[in-house]
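S.K.: okay, structure incoming, though there's no sequence with it:
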């Protein structure tokens with residue numbers, strides 16, 4: 001009876017050891033799976049962030065291009081308006097000069113005719 005009890009306890013211990021080994025193996029597999037899943041998620045996030053960064057950089061380049069085009073257009077528009085204003089001012093000055101020239105000629109003629 002004593003040997004049976006000892007054998008029974010040894011068998012229980014052996015079963016417990018096997019259960020512990022099996023639990024360790026399952027835990028190891030769970031850890032490996034979790035690590036693999038974490039690496040895959042990290043790869044996905046990295047890829048998503050890389051794509052988002054590419055998109056943001058592309059948007060930024062597009063905004064810079066649009067800003068340059070707008071600035072170029074505004075500068076050309078300003079030059080055209082300025083040139084138009086200058087041309088109008090030159091035309092006004094020429095018209096005023098011609099009017100004054102006629103007035104001076106008329107004034108001189110009037111003085112000559114009165115004196116003479």
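M.R.: Thanks, I have the structure now. Model, not experiment: these values are computed from the prediction. Residues are numbered from 1 along each chain as shown.
S.K.: can we go C-alpha only for contacts and neighbour counts from here?
M.R.: Will do.
S.K.: tell me the pLDDT of residue 40.
M.R.: What the model reports as pLDDT for residue 40 is 95.
S.K.: ugh, wrong one, residue 1
M.R.: pLDDT for residue 1: 50.
S.K.: same deal with residue 14?
M.R.: At residue 14, pLDDT is 88.
S.K.: could you check how far it is from residue 23?
M.R.: 14 Å (Cα to Cα, to the nearest Å).
S.K.: and what of residue 8?
M.R.: 22 Å.
S.K.: how about the helices of the protein, start to end?
M.R.: Remark: helices assigned in the chain by DSSP state H are 2-115.
S.K.: pLDDT weak spots in the chain?
M.R.: Low-confidence segments of the chain (pLDDT under 70): 1-4, 116.
S.K.: ok, 90 please
M.R.: 1-16, 110-116 (pLDDT under 90).
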